[in-house]
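Colleague: Predicted model and sequence below, questions to follow.
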Amino acid sequence: MMNYTCDHYLDAAKTAQRLPSDYALAKMLGIRPSAISNYRMGRSNFDEETAIKVARLIGISPAEIFAAMQIQRAKSEEVRKVWEDVLEKISKGFRWLALPANACGVFSPQV
């Protein structure tokens with residue numbers, strides 16, 4: 001299973017936006033730098049609004065981050081497995097939706 005943590009998505013957002021620091025990322029997301037630190041340290045997970053903002057910066061579906069946050073919050077292995085299955089289906093689903101568009105010459109950054 002891939003690393004679907006806040007840290008992973010924050011790094012992806014910084015890279016996608018070519019930001020030099022977590023401070024710059026916090027500013028772009030409209031949150032405090034201490035919130036970035038809490039996400040990176042695993043003390044908290046994204047709320048829905050932050051997940052949507054991060055997804056837009058990366059160019060992915062917010063549904064992926066929603067599912068990833070549920071994986072992080074899961075208290076049992078059974079619940080975690082259900083969310084991992086959901087995340088896998090979301091990822092495959094968006095790839096399949098994008099294939100016809102890409103075949104027609106339409107670029108889709110969500111894949």
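Modeller: It's in. Keep in mind the model is a prediction, meaning the values are calculated, not measured.

Colleague: So what touches stretch 72-79?
Modeller: Outside stretch 72-79, the residues within contact range by Cβ atoms under 8 Å, 6 or more residues apart in numbering are 4, 5, 6, 45, 80, 83. Quick note: C-beta positions are derived from backbone N, CA and C, even for glycine.

Colleague: And those, which is closest to residue 31?
Modeller: Of all the contacts of stretch 72-79, residue 6 has the smallest distance to residue 31: 11.7 Å, by Cβ to Cβ.

Colleague: ok, back up a step: go through the contacts of stretch 72-79 and flag which are in helices.
Modeller: Applying DSSP state H to the contacts of stretch 72-79, the entries found in helices are 6, 80, 83.

Colleague: Run through the residues that contact the nearest residue to residue 9 once chain neighbours are set aside.
Modeller: Using Cβ to Cβ, 6 or more residues apart in numbering and skipping residues adjacent in sequence, the residue nearest residue 9 is residue 54, 5.2 Å away. Shown in contact with residue 54 (Cβ under 8 Å, 6+ apart): 9, 10, 13, 29, 46, 65.

Colleague: May I ask which helix or strand encompasses the residue nearest the centre of the chain?
Modeller: Nearest to the geometric centre of the chain sits residue 65, at 3.7 Å (Cα atoms, centre = their mean). Assigned by DSSP states H and E, residue 65 belongs to helix 62-73.
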